[in-house]
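Colleague: compute the structure for the input listed below.
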Amino acid sequence: MGTQVEESPVLVLPSDGERVQKLRRKHAEYTERIASYDRAHSNQHPDFRARQMAVNICKVAILDALFRDRRISAWDVSKQFVEERQAKDAGSGPTFANAWVEAWGVIQDYCETGGANVGDGTRLR
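Modeller: Residues are numbered from 1 along each chain as shown. Okay, the predicted model is just below:
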């Protein structure tokens, strides 16, 4: 029986300038969600706030990497991200690993289809 070679999914920044601008607006929207959550829940420990906003934090991280590198490997970027979160908050690894899966799917769909398969949310505008 042959060995199956696994390869990391790769995400490429769209070449469509309009879609890239929409992604930049989405990045700003996610960033504002994170900031406003922090203000609205200032009585909650920052690590717990981060866990509540894990999917949005992951979406911002994916978009940051995509804007910077234009082409990213899911495995490399996710491993680095989860390790950084785990270093900041030792118990957060599983939360952010799970959030990453959801966030990657959303950003991937925004890049590839403009959000045709994203059911909930504010859409790519």
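
Colleague: Trp100 - how many residues pack around it?
Modeller: 24 (other Cβ atoms under 10 Å). Backbone N, C-alpha and C define where each C-beta goes, glycine included.

Colleague: got a list of what Ile72 touches?
Modeller: Contact analysis of Ile72 by Cβ atoms under 8 Å, 6 or more residues apart in numbering lists Val10, Leu11, Ile62, Ala65, Leu66.

Colleague: and Lys88, by the same measure?
Modeller: Contacts of Lys88 (Cβ under 8 Å, 6+ apart): Asp47, Ala50.

Colleague: how near is it to Glu29?
Modeller: 23 Å (Cβ to Cβ, to the nearest Å).

Colleague: in PyMOL, select just the buried ones from the contacts of Ile72.
Modeller: What follows is the PyMOL syntax selecting those of those that are buried according to 16 or more other Cβ atoms under 10 Å:
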select buried, resi 11+62+65+66
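
Colleague: out of the contacts of Ile72, which sit inside strands?
Modeller: Using DSSP state E, the members of the contacts of Ile72 that fall within strands are Val10, Leu11.

Colleague: out of the contacts of Ile72, which comes closest to Ala35?
Modeller: Ile62 (18.0 Å; Cβ to Cβ).

Colleague: and the closest one, what does it touch?
Modeller: Counted by Cβ under 8 Å, 6+ apart, Ile62 has contacts Leu11, Ile72, Val77, Ala103, Trp104, Ile107.

Colleague: returning to what we had before: okay if I get the contacts of Ile72 as CSV plus distance to Thr122?
Modeller: Converted to CSV, these look like this (distance: Cβ to Cβ, whole Å):
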residue, distance to Thr122
Val10, 26
Leu11, 20
Ile62, 17
Ala65, 22
Leu66, 19
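
Colleague: list just the nearest of the contacts of Ile72 to Val82.
Modeller: Ile62 (12.3 Å).

Colleague: report pLDDT for that closest one.
Modeller: We have a pLDDT of 98 for Ile62.
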